[in-house]
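Enquirer: Let's see this in three dimensions:
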Amino acid sequence: MRSFFKICGIILLLLLTAGSAFYLAPLPSSKFASLAAEQEAYFFQDEEQWLAENSLPQAIWVKTLEFKLRADLKDHLASQLSLDADSPAENIETSTNHTRNQFINQTQAEVPVISNSALASYVRGYGYCDQVNGFLALLLYDYLDKVQLFGVRNERGISPHTLIRSESALGVVWIDAFSCVNAFGFRDELTGTGQKQIPAYDQKVSSLFPRFYYKNGSAFNEYSLAYTANKAYNRLGQLLTAPHKTATGSTKKETGAAKSEMPVIKKPSSYQTNLINQLRAEPVAGRQLYIKARVFHLFGEHQEAEKLYEQLRQQNPNGPLAAYAALFIDRMNGKNLPCPNSVLSTPEFL
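Expert: From the prediction side, this is the model:
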């Protein structure tokens, strides 16, 4: 028995050493592009569905890859955008414009609802307000005192929109990469510095929800070390208890306890079903090509990204990914920007 635990300890140590080496070692964007493309299904499926169709070792590997990609991409963007903890207003402006220009939302193209992580959504390049602002929150939380994803609510308690509520030396600043109002604040929540650098709500009111929507709303995701650690622990539990595909190809049936914690999935509308079916009809090689192009695009290698986007458009010109690729080619060249009058609309920041 003692030798068994000793062997288990050695194996665990080796796994931790290998994981640490993988996390710390710099990877070129070409390697990231290839590794991400191999896992293309992860980026185009709801996470629950993907977990059910893949084995536990596969899920652990993909989550490890995602963690590494997120860390390296954040470091790259921090350098590219010159993010600085002493310049919160500039951080908000540059990060919001950049994130918006890298993302397609449902007001700009036909995009399906796919429920997966903020990083997966960002690599995929399209999604809804909670996904675009979710990645922006990941990018900003190292540079602001407090960053929360926040759902505004109307008089019936319904949340029509998700944005970011932040706290810093500026006071409470509301941030939104989905709309063309990057940031604003309520005068009584801004500090003296914030009032000089951040537009007040009443200056932008025609583009925003009624004031009481923000007062009625609530935070549902906070980006901090403690929160992230707790979420990682819960995600690990979900990973271990969720049904996974076994080596024989069958799916393990979840226990009663695990099943009771699984969220209820609403039946998608016929419109959404049609969009998802179009996406599934894309050849696997096309989806892999698209993910490769996206990774190069995100790491600022525009020449390689544009070449791959063009290959995709030639291979399947009528598919939805070709339409997204065309839009991203325009974005890299300063065209078809969601908010053309925003700062950082030059190609080197797109």
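Enquirer: hang on, isn't V147 packed against E222?
Expert: Yes - the criterion here is CB atoms under 8 Å, and V147 meets it with E222 at 7.2 Å. (C-beta placed from N, C-alpha, C; glycine too.)
Enquirer: So, low pLDDT: which residues of the chain?
Expert: Residue ranges of the chain with pLDDT under 70: 1-25, 224-269, 341-350.
Enquirer: the strands in the stretch 101-250 of the chain, which residues?
Expert: Assigned by DSSP state E, counting those that start in this stretch, the strands in the stretch 101-250 of the chain fall at 146-152, 161-168, 171-175, 183-184, 218-222.
Enquirer: closest to V113 out of these?
Expert: V113 sits nearest to strand 161-168 of all the strands of the stretch 101-250 of the chain, at 13.2 Å, using CB to CB.
Enquirer: Who are the packing partners of the longest helix belonging to the chain?
Expert: Identified as the longest helix of the chain according to DSSP state H is helix 56-80. Applying 3 or more CB pairs under 8 Å, 6 or more residues apart in numbering; DSSP states H and E, we find helix 56-80 packed against helix 2-24, helix 29-38, helix 88-101, helix 118-124, helix 129-140, helix 225-241, helix 284-298.
Enquirer: if we can go back for a sec, make TSV from the strands of the stretch 101-250 of the chain and add distance to N97 and mean neighbour count to it.
Expert: Putting the strands of the stretch 101-250 of the chain into TSV (distance: least, CB to CB, whole Å; neighbours: other CB atoms under 10 Å) gives the following:
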stretch	distance to N97	mean neighbour count
strand 146-152	17	21
strand 161-168	14	23
strand 171-175	11	22
strand 183-184	11	22
strand 218-222	22	14
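Enquirer: With distance to L298 added, can I get those strands in TSV?
Expert: Putting the strands of the stretch 101-250 of the chain into TSV (distance: least, CB to CB, whole Å) gives the following:
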stretch	distance to L298
strand 146-152	20
strand 161-168	20
strand 171-175	20
strand 183-184	23
strand 218-222	22
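Enquirer: Of those strands, which is nearest A59?
Expert: Using CB to CB, the nearest of these to A59 is strand 218-222, at 21.6 Å.
Enquirer: can you give me the offset of the closest one from its chain's centre?
Expert: Centroid separation for strand 218-222 versus its chain: 16 Å, with CA atoms, centre = their mean, to the nearest Å.
Enquirer: and if you look at stretch 72-91?
Expert: On CA atoms, centre = their mean, the centre of stretch 72-91 falls 17 Å from the chain's centre.
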